[in-house]
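S.K.: Predicted model and sequence below, questions to follow.
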Amino acid sequence: HPKFLTFYFNLFTMHDTRRHGGFRHIPTDFIISACGSVDNVLDSVLQGKHPSKNEDRFLRRETKMERILDAAGVVRLVALISGEILDEFPAAKIADLALVGIQLKGVPLALRIRDFIRRKRGVDVPLGKIDISMYRDDIGARRSILRTHETEIPFNVEGKAIVLVDDVLHTGRTIRAALDAITDYGRPAMIRLAVLVDRDAREFPIGADYAGLRRRFDAGMKISVGWRELGEGDSVVLDTIKKR
C-alpha cells in the first residue's frame, strides 16, 4: 500500500548513528545515488535491505553548503536581468516580447521579470511556462520515471521575441530541450536566454544573453536556487559533495 511504502521509506532514510549521539536523516538524493535509481531504492525497502550495508556509500560523503546570495542579493540580480532585457526591448519593441519560464525553477524568475517590466513600463508581457521532460536527450536511458509539470503557452509564438528563462545555466542540455519544445509551438522571430546564474562548463554551444551572476564552479559543486514562490525562501546555495 502506498501509505505503508512511504512510511517504510521514511524509516529507511534514517540511519542509526547512536555512536554519534542518535539518529540522523540521510538525504534522499544520496540514497538514490547509492542505489542507482528510485526503483532500486523501493526494491531495497520491500526486501528489507539498506544501502548502508553496501559500504555506507552515501554516509561516506561529506556535504558542505555555502550561501552565495541571500534574498536581497536575489532581488538585485532579478532587477539587473530585467533591466538588460528592457535595454534590448525599448518601448517600440516591447509589444513583440514574451517570456517563457522553464519548469520548475525558471517560472518564478519569469514571473518576477514580468512584474519588473509592468512596474517600469506599465505593460503586461505575455508569459508562458514549459516542461522539457519529454524533450530530454537522456529520456530513453533513464530507469526512473520523470516528474512532469504543466506546459502553458497562452500566446501565439509566431513572430514573437521570446525570452526563455531558467534559474541556472550549466551544460546547456536543458536549454537545448527547451528550444525544441518551444519551436513545436511555432516559429519565433528570435529566442533569448535569461538565467539567474550562469555557471559555465558547457556541453552544448549555448550561452545566456542575460545573466545575474556569471561564475565558474568546480564540477563537483551543485548550485541550488530557492524561490519564495515555491516555499523555499530566496537564496542561491553552493552545495559541495565530496567523498571521504
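M.R.: Nice, thanks for sending it over. Numbering: from 1, shown residues only.

S.K.: count of residues packed around residue 78?
M.R.: Residue 78 has 21 neighbouring residues, counting by other C-beta atoms under 10 Å. No exception for glycine: its C-beta is placed from N, CA and C like everyone else's.

S.K.: Same check on residue 65?
M.R.: 11.

S.K.: which residues sit in contact with it?
M.R.: By C-beta atoms under 8 Å, 6 or more residues apart in numbering, the contact list for residue 65 reads 237, 238, 239, 240.

S.K.: And it, how far from residue 221?
M.R.: Applying C-beta to C-beta, to the nearest Å, the value for residue 65 to residue 221 is 10 Å.

S.K.: Give me the common contacts of those two.
M.R.: Common neighbours of residue 65 and residue 221 (C-beta under 8 Å, 6+ apart) are 238, 239, 240.

S.K.: need those in CSV with secondary structure, neighbour count and pLDDT, can you?
M.R.: Listed next are the shared contacts of residue 65 and residue 221 as CSV, based on DSSP: H, G, I helix; E, B strand; the rest coil; neighbours: other C-beta atoms under 10 Å; pLDDT from 0 to 100:
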residue, secondary structure, neighbour count, pLDDT
238, strand, 19, 94
239, strand, 13, 88
240, strand, 14, 80
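
S.K.: Columns distance to residue 92 on top of those residues, output as JSON lines?
M.R.: Below are these laid out as JSON lines (distance: C-beta to C-beta, whole Å):
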{"residue": "238", "distance to residue 92": "41"}
{"residue": "239", "distance to residue 92": "43"}
{"residue": "240", "distance to residue 92": "46"}
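
S.K.: Relative to residue 138, which of these is nearest.
M.R.: Nearest to residue 138, judged by C-beta to C-beta, of the shared contacts of residue 65 and residue 221 is residue 239 at 21.7 Å.
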